[in-house]
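Student: Here is my input; please provide its structure:
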Amino acid sequence: MTSYRFYDLVGWQDASGVTQGWNDLDSLEVGDAISGLSDEERRSATTLWAMANAPIYLGGDLTNLDNLGKQLLSNEEVIAVDRSGQPARQILGGGTPVWGSALADGTYYVALFNLNAFPSPVQLPWSTLGFANAPHVRDLWNHLDLPRSSHVFSAVIPGHGARLLQLTGRGDVERSSSAISQSYEAESATLNGTAVIAQCPACSGGAKVGGLCCGANNYMTFENIVVPRAGTYLIQIDSMTEGPRSLLFRVNGGRFTTLNVGGGSFFLPSSTTVPIELNAGVNSIQFGNLTSYAPDMDRIVISGDGSAFPPQSFTYEAENATLEGGTGHFYCEYCSGAGEAGFIGGGSGNNVLFSDVTVSVTGTYQMEVDYLTSGPRSFFISVNGGPDTELDLNGSSFSLPTSIVVPVQLKVGSNTIRFGNPTGYAPALDRIAIPLAPVQTKEDAAAGGV
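Tutor: You can find the predicted model right below:
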């Protein structure tokens, strides 16, 4: 449930403050390792609670706090963030979300998270916050003053980790002459299947699109997205939901990108901004969910000049892969994409086949495998038709996915990765995620890996 708070909070970020009250994210289970969270995950959870100005009350046995739990809960600089009275808003979403808040004295609090299980680079242009440079940056977890940061902050964040910064901003932002900001209403898009327009007084344009559910033919498409040059832009997606749901979108018929969202209303939109690759000229963007429930859509806003930082990893949803034999897809409330692939294994024909895992460089990649099981089960994994490698796993839930990272050898271009178990039952499979860059090149790759 802790991981879901990163999506759930977006839907409630406008309902918090001195005059409104404080969002309650539930008890903070970071006091000891019995919580089931890693050290990085415990630090990330505490960071999110602090940025949200959420009440910090603890679950578990308070007489059994370990050293890390005591450090997390007694860091006065982090406690000051929680007591700032300025709850943060999400600045960027996706797999490496960024949250920020501005104080009245010109100070900013900024938290950078990595929701992937493997280390991921995160870049935040200071222009996103409205200034050009940060002459003073302090790492609040490590009590360190960092060097002056011009234009952009960059860091490699461990899997499920976070950085928490206090900073001051200086300098005006120069707007590129080619920068755009274009809004497209959902009700003006092309609708297919069960997609339908409905009234929504709080929405932009007074209407929304719903019915984006559970089928490859039930989707909406923005047909005429025009940008001056090819590159990475930012797309603000305004949607609404009660509880967790997932949008899948793709540009010009390419690969799908997953956007997991949460919220408490089908009539109050909330915004998430992620990078998107667009071609020069006319583009189309399709939204829906092939196998599960998508939120309702209000609008999208495309902005930037094509120079935004691109995504650093790609996600492949198991429920949308090729499901062989008796394997099927099922609803999973807290899974990425709101779905999972189950009934894997128990025979050589019951597999999940990811048929187009594409990378730009041959090498060894860290593959994240998000799975669900209660008790020990095993995957047998084959890459590009090669020999099976056994991956023995354990877990305590068929409702909440957990992650493991394994190395895989991939070739430039398209790859296939098959998950199965020829004799026993495998875990259910939520997704795999592949970073943009390999750990090492083909020439330097050591023997081993899947």
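
Student: Distance of the nearest residue to Y331 once chain neighbours are set aside relative to S265?
Tutor: Nearest non-adjacent residue to Y331, counting by CB to CB, 6 or more residues apart in numbering: S292, 5.6 Å away. For the C-beta atoms, the positions are set from N, CA and C on the backbone; glycine is no exception. Relative to S265, S292 is positioned 20 Å away (CB to CB, to the nearest Å).

Student: Looking at the two, which is more packed in?
Tutor: More neighbours surround S292 than the other of S292 and S265, with 24 against 15 (other CB atoms under 10 Å).

Student: The more buried one contacts L248, correct?
Tutor: No - S292 lies out of contact with L248 (CB atoms under 8 Å); the separation is 9.2 Å.

Student: Any idea which helix or strand in this structure has the lowest mean pLDDT?
Tutor: Across the helices and strands of the chain, mean pLDDT, DSSP states H and E gives its lowest value to strand 440-441, namely a mean of 60.

Student: what's the distance between P401 and Y184?
Tutor: Per CB to CB, P401 is found 33 Å from Y184.

Student: Of these two, which one has the most company?
Tutor: A count of neighbours by other CB under 10 Å puts P401 above the other of P401 and Y184, at 23 against 17.

Student: contacting residues around that one?
Tutor: 332, 334-336, 340, 370-372, 430 (CB atoms under 8 Å, 6 or more residues apart in numbering).

Student: How about the secondary structure of G11?
Tutor: At G11 the chain is in helix, as set by DSSP: H, G, I helix; E, B strand; the rest coil.

Student: same deal with I302?
Tutor: Assignment for I302 (three-state DSSP): strand.

Student: Which stretches in this structure count as helices?
Tutor: 5-8, 39-51, 67-73, 76-82 (DSSP state H).

Student: So for the first one, what gets flagged as buried?
Tutor: Counting neighbours by 16 or more other CB atoms under 10 Å, one finds that the buried residues in helix 5-8 are 5-8.

Student: which helices and strands sit right next to that helix?
Tutor: Secondary-structure packing of helix 5-8 (3 or more CB pairs under 8 Å, 6 or more residues apart in numbering; DSSP states H and E): helix 39-51.

Student: same thing with the second one?
Tutor: Judged by 3+ CB pairs under 8 Å, 6+ apart, helix 39-51 is in contact with helix 5-8, helix 67-73, helix 76-82, strand 98-102, strand 107-113, strand 162-170.

Student: can you rerun that using 7 Å?
Tutor: In terms of contacts (3 or more CB pairs under 7 Å, 6 or more residues apart in numbering; DSSP states H and E), helix 39-51 is packed against helix 67-73, helix 76-82, strand 107-113, strand 162-170.
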